[in-house]
Each structure stands twice: as C-alpha cells, then as structure tokens.
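In: Sharing a model that was predicted from the sequence below.
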Amino acid sequence: MAGLRKLSPHEQAAKTDKWTEILFRALAARVSKRWRFVSFRGAGGGEWKGVVDILAVRKDTSKSSHEMLKSGDLFDFVLVQMKGGSAKPPSAADIRRLQAVKSHYDARAIVLFFWNHKSKDKATTKFELLDSAGRWVPSSSTAIFGL
C-alpha cells in the first residue's frame, strides 16, 4: 500500500507502550469504582523517567487514628509498572527501586501489568503483585482494584 511505511523500532516501542497503558486503564477501570489512575508520560506522550508508570490513588475512607484527620482525608496508593510486547521484566534493581518508592509513600501494593499482543494464540494480559520477598505473584484487576 502506498503511503504506509514501516515503523522504526523506537516508534513501534512507543506505540506498544501507549496501547499497553490504554489496555491497563480499560481492564482496571472495569472493576474499580473509586480508584483513579495518574499516568506519568513525557512531553511527547512517550515514556518518561522513573520506575513508576502509573499511580493508582483512591481516598482512604477508613476511620483515621489521627485525632485531627477524618475519614477521607488520607489516600491509598498502588504503584504500577507496565511492560508491553517483548519488553523485559523489571530487573532486580528495578524491583529494589519500586520497593523503596513503596516504602517512602507507604503504598498499598506494587503491580506489574504485562501485555503481549504478539502471542501465538491471542493477546496475553497479566496483572502481578510484588510480594515481600521480591517475587511477582499472579493476580487480577479485580483482586487489586475491585476492593
């Protein structure tokens, strides 16, 4: 077809990254009633610095133990890293950084969302949670955001 050109590897990676986020948002939003998702993209819409791709946030409506704070004054956070296509899983250094960010903000969880659109049978999506030993454990959008 005239006018169609092959995407460069960088352009293809950016396109995959964008679609990975779109799919994550769609799957998470289906089950989340109170969670909001904040993306950290660069000026051109591509990847930006940092180990966290998306911050999921919701109001914590439990009773606060602090004498000044009321229900709804605090927040719950979930840190999300996304991987699409043939991207490598987070390295040991990435995992340590994610754990440090989680500790700094007292985040509820660390999530890895993976989408492989080049799977033999069909596209594959996975939600995984990082456990306290630094291992990725299979989970689901419902288990993470359907609370």
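Out: Sure thing, it's come through.
In: Can you tell me who the residue most central in space within the chain pairs with across the strands?
Out: Centroid-nearest residue in the chain, with C-alpha atoms, centre = their mean: Val80, separated by 2.6 Å. Under DSSP bridges, the beta-bridge partners of Val80 are Ile54, Val111.
In: can you tell me how far it sits from Phe127?
Out: Remark: distance between Val80 and Phe127 (C-beta to C-beta, to the nearest Å) = 9 Å. All C-beta atoms are positioned from the backbone trio N, CA, C, and that covers glycine.
In: and for those two, which residues touch both?
Out: 111-113 (C-beta atoms under 8 Å, 6 or more residues apart in numbering).
In: one step back: pLDDT score assigned to the residue nearest to the centre of the chain?
Out: We have a pLDDT of 96 for Val80.
In: Would you confirm that Glu67 belongs to a helix?
Out: No: applying DSSP: H, G, I helix; E, B strand; the rest coil, one finds Glu67 to be coil, outside a helix.
In: Just the pLDDT for it.
Out: 87.
In: Let the chain start at 826 from now.
Out: From this message on, residue numbering opens at 826, which makes the last subject Glu892.
In: With Asp901 as the reference, measure out to it.
Out: Relative to Asp901, and taking C-beta to C-beta, Glu892 is found at 21 Å.
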